[in-house]
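Student: Attaching a predicted model along with its sequence, questions to come.
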Amino acid sequence: MSEPSQFQAPVGTHDVLAPESAQWEGLVATFAHYAHLYGFSLVITPVFEDVGVFHRGIGEQSDVARKEMYVFKDRGERLYALRPEGTAPVVRAFVQHQPTTPFKAWYFTPAFRYERPQAGRYRQHHQLGVEVLGTGDPAVDVEVITLAQRFYEALGLTRFRLLINSMGHLECRGAYVELLRSHLEAHAEELCDEHQKTWRTNPLRVLDCKNAACVAVTAKGPMLIDHLCEDCRTHFSAVREGLSRLGVANELNPRLVRGFDYYTRTTFEFVSDALEGAQNAIGGGGRYDGLVEQLGGKPTSGIGFGSGVERLLIAREAEGITTPLLARQLDVFVVDTTHEDVATLLLDRLRAAGLASDRAYDQRSMKAQMKVADKSGARLALLVGPQELAAGEVTIRDLRSADFGQTQQRVSQEDVVSTIVQLLRMK
RNA sequence: GUGGGCGUAGCUCAGUUGGUUAGAGCGCCAGGUUGUGGUCCUGGAGGUCGCGGGUUCGACCCCCGUCGCUCACCCCA
């Protein structure tokens, strides 16, 4: 393999430039707004952690831990992993700092998984999410799920569904897994090739298999939802009832088994019907009542969800939603042909007054600068040439109108900012 | 990890059965208008045809390898 003559973004990663980056900015701002409305505060944790955080967090047997983590040793021989998901690091931080509960945090973070990229799947993708630690109240399950629902609605999404299931708590799930395992054992030869090998170590995964053979086997077998203990059943119906009361439609999907081992009780996934193929999950999450203990803390309930930024943007596009998530507009564009760089001073004053302003550089011709002004999308152009300079004035030009005889005016340099503010207010 | 499709200007793409100096549209720059953008006209810059090797008198075109992009499986956001 030879050295690349030109560098490019690593496989499965991508750069986000304007104008697309405005969508990202708007998306994150919208989420931050909703998180705030629901009483969440921002949490920022490192993008890399001791591998143990993830091994113990998401489970040694999960696909992500087994084969998808970016693991590396630093110069001090410490073994780290780039975060493959957002929950485990937040829980680690919770255990470390022991904040008062309930601890409600939201995050926006890149996540890394070493897998082959395809539509809607990357090696570095980005997630928005929330976590609540310190309460097992089903009202929190409802709150977290509703936050996701309202956020998606705010993005303009309509063609998505909420799938929900209960994984039970550690004991009733453990009992069920044994039940399932013996069922699978009896029908092991009927399973698909993949699960013939793995059903013993990770029996729950078989429930999620789309292969007809596996579906046939599990259809005859026990479903976890039918084997929940009294408490888990009560919790689950409280959650579903709470959602219904808020008008949040939800479908029970007893096969919904999410990829991380830490989930207990409520698990859910939002799928977009606008997205083709397997990459249709726009968000998902659930309760993880044993995770804090797994990471060395006291027994503490927790629940959260994460949502993929790239998936959400693709889903919006697939639904044909064209309204921008962030509409940014430049107020003023300064065209300076004096060769004395009056622009620098003018811009400083405009910006100090809170006006978004830009300029052309390199002392280009007026025509060239006007072209740039036009493309900038600014509403007004500020023209300063030798004439204006001599008179101590500037010309204000409305870039939205065709004839400049009518819509152009000269004002003194002292009045520039106030005149512009007034003009912009009129529009 | 497995398999399919594709790599020609900044972008979207043409390129005849392998045959001279590789094209278009858009974008960019300049001029038409020595103080005025969006339309129009004219001109210009810009390409080791992903990279390496092979076949051939001759390769963008054929063959092999490689890298990358893309789609699917698996799994997930």
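Tutor: Nice, thanks for sending it over. Numbers count the residues shown, from 1 in each chain, chains lettered A, B, ... in the order given.

Student: domains in chain A, as residue ranges please.
Tutor: A:20-169+A:229-318, A:332-422 (automatic domain parsing).

Student: Now mean pLDDT too, for these, in a markdown table please.
Tutor: Output for the domains of chain A, formatted as a markdown table (pLDDT from 0 to 100):
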| stretch | mean pLDDT |
| --- | --- |
| domain A:20-169+A:229-318 | 93 |
| domain A:332-422 | 92 |
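
Student: Report how many residues lie close to A:Ser182.
Tutor: Per other CB atoms under 10 Å, the neighbour tally for A:Ser182 reads 12. Any C-beta I mention is one placed from the backbone N, CA and C, and that applies to glycine too.

Student: Assign it to helix, strand or coil.
Tutor: helix (DSSP: H, G, I helix; E, B strand; the rest coil).

Student: now it: how far from A:Cys192?
Tutor: Counting by CB to CB, to the nearest Å, the gap from A:Ser182 to A:Cys192 is 19 Å.

Student: just to revisit the earlier point, pick the most buried one from the domains of chain A.
Tutor: Highest mean neighbour count of the domains of chain A: domain A:20-169+A:229-318, a mean of 19 (counted as mean count of other CB atoms under 10 Å).

Student: chain center to that one, what's the gap?
Tutor: 10 Å (CA atoms, centre = their mean, to the nearest Å).

Student: give me phi/psi at A:Gly283?
Tutor: Backbone torsions for A:Gly283, taken as degrees, to the nearest 10, come to phi -170, psi 160.

Student: Show me the strands in the stretch 201-350 of chain A, by range?
Tutor: In the stretch 201-350 of chain A, the strands defined using DSSP state E, counting those that start in this stretch lie at A:251-252, A:264-272, A:281-287, A:302-308, A:332-336.

Student: Just put the ones you listed in CSV and tack on distance to A:Gly385.
Tutor: Shown next, in CSV, are the strands of the stretch 201-350 of chain A (distance: least, CB to CB, whole Å):
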stretch, distance to A:Gly385
strand A:251-252, 66
strand A:264-272, 54
strand A:281-287, 53
strand A:302-308, 51
strand A:332-336, 8
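
Student: Can you check which of those strands gets nearest to A:Ala353?
Tutor: strand A:332-336 (9.9 Å; CB to CB).

Student: and that closest one, does that touch RNA strand B?
Tutor: No - using CB under 7 Å from any atom of the strand, strand A:332-336 never reaches RNA strand B; the gap is at least 7.6 Å.

Student: Give me every residue in the stretch 151-300 of chain A that's in contact range of RNA strand B.
Tutor: A:194, A:205, A:208-211, A:258-260, A:269, A:276-284.

Student: Let me fix that, I meant to ask about the stretch 301-427 of chain A.
Tutor: So the stretch 301-427 of chain A meets RNA strand B at A:306-308, A:310-311, A:337, A:364-368, A:370-375, A:383-388, A:395, A:397-404, A:408 (CB under 7 Å from any atom of the strand).
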